[in-house]
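> predicted model and sequence follow; I will ask about them next.
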Amino acid sequence: MKVSDAMTSQVSTAAPTDSIRHVAQVMAHIDSGVVPVVEGGKVIGLVTDRDIVLRVVAEGQSLDSPISEAMSVGEVLSVREDDVLADATAKMSSHQVRRLVVLNDAGVLSGILSLGDVAKDYGAKQVGKTLEDISAETGAAPH
């Protein structure tokens, strides 16, 4: 099975200058806990509902600040649409993440692969193994 068979292809994105409030409202509207931040056609970061809680709400930051102040920065882990799903779940395990950005052959965002997607299309056993691997290496609760 390929990543494209399991991924969520309807993805809302944000610009780094969008307000934190706007991105939170987008998350609520689309019922998703993650929004990729895109600039110049490239994914430059991800923001999760957890990022907003820990970096904005808990620290008393303004919801009118740009989302770039709340997003996770650094390397955005990705896979390609035609990658094997088992390899993608192994990548999730080894990097201890629950989501991967999916890129097409041109390197453009085409979806997101989450553990939920894997559960629906690949099976609960694989999700359990991946989640166990994500949690085991640090002993921390997954996020």
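Looks like it came in fine.
> ranges for the strands of the chain?
Using DSSP state E, the strands of the chain run over 34-39, 42-48, 78-80, 99-103, 109-114.
> now mean neighbour count too, for these, in TSV please.
In this view, the C-beta of every residue, glycine as well, is placed from N, C-alpha and C. As requested, those are exported to TSV (neighbours: other CB atoms under 10 Å):
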stretch	mean neighbour count
strand 34-39	21
strand 42-48	20
strand 78-80	19
strand 99-103	22
strand 109-114	22
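> quick one: closest of these to residue 63.
strand 42-48 (12.8 Å; CB to CB).
> could you dump the strands of the chain to JSON lines with distance to residue 64 and mean pLDDT?
Listed next are these as JSON lines, based on distance: least, CB to CB, whole Å; pLDDT from 0 to 100:
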{"stretch": "strand 34-39", "distance to residue 64": "17", "mean pLDDT": "95"}
{"stretch": "strand 42-48", "distance to residue 64": "15", "mean pLDDT": "93"}
{"stretch": "strand 78-80", "distance to residue 64": "30", "mean pLDDT": "96"}
{"stretch": "strand 99-103", "distance to residue 64": "26", "mean pLDDT": "95"}
{"stretch": "strand 109-114", "distance to residue 64": "26", "mean pLDDT": "94"}
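> that'll do, ta.
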